[in-house]
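Asker: could you work out the structure for the sequence below:
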Amino acid sequence: QVQLVESGGGLVQPGGSRRLSCAASGFAFSSYAMSWYRQAPGKERELVASVTIAGGSTNYADSVKGRFTASRDNAKNTVYLQMNSLEPEGTAVYYCNSNFLIRSGYWGQGTQVTVSS
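Answerer: Residues are numbered from 1 along each chain as shown. This next block holds a predicted model:
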């Protein structure tokens, strides 16, 4: 069955970096664009970054542009989010997903990132 397993979260100091990973299984990963989302306490889930099928193109929310980098390794069925210069506003649960899974209502468990001194 379909599975998305996010990992790499934790406590990070402001200005620090963190690399998130998302391992996918149960579907043709290399055939779908992938995105990262985050949900902060009391806020709606928001799109953070997207990466195309071959990883050749990415898009970012204005709030993370220049600080976050999304990438993927289709041989490993894994998508990554490198987060630099983290700010307290980056505290959230981070999820990866693809549009076709979102339409079916599927989300993984996410990984918590807390930016605090």
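Asker: burial of Ala49, as a residue count?
Answerer: Neighbours of Ala49 under the rule other CB atoms under 10 Å: 24. Any C-beta I mention is one placed from the backbone N, CA and C, and that applies to glycine too.
Asker: the nearest residue to Phe100 once chain neighbours are set aside and Thr69: what is the separation?
Answerer: Among residues not flanking Phe100 along the chain, Tyr32 sits closest, at 6.4 Å (CB to CB, 6 or more residues apart in numbering). To Thr69, Tyr32 is 19 Å away according to CB to CB, to the nearest Å.
Asker: one more: Tyr80?
Answerer: From Tyr80 across to Thr69, the span is 8 Å (CB to CB).
Asker: neighbour count for those two, which is higher?
Answerer: Legend: neighbour count by other CB under 10 Å for Tyr80 and Thr69, higher for Tyr80 (20 against 16).
Asker: now do the helices in the protein.
Answerer: With DSSP state H as the definition, the chain shows helices at residue ranges 99-104.
Asker: where exactly do the strands run in it?
Answerer: Applying DSSP state E to the chain gives strands spanning 3-7, 10-12, 18-25, 34-39, 46-51, 58-60, 68-73, 78-83, 92-97, 111-115.
Asker: now the longest one: buried residues?
Answerer: Across strand 18-25, burial judged by 16 or more other CB atoms under 10 Å covers 18, 20-24.
Asker: go ahead and confirm Phe100 touches Met34.
Answerer: No. Counting by CB atoms under 8 Å, Phe100 does not reach Met34; the two are 10.8 Å apart.
Asker: which one of these two is surrounded by more residues?
Answerer: Met34 (25 against 13).
Asker: I'd like the average pLDDT over stretch 98-114.
Answerer: In this model, stretch 98-114 has a mean pLDDT of 96.
Asker: who touches the worst-scoring helix or strand of the chain on mean pLDDT?
Answerer: Confidence across the helices and strands of the chain bottoms out at helix 99-104, with a mean of 95, counting by mean pLDDT, DSSP states H and E. Contacts to helix 99-104, defined as CB atoms under 8 Å, 6 or more residues apart in numbering, come from residues 2, 4, 27, 32-33, 35, 107.
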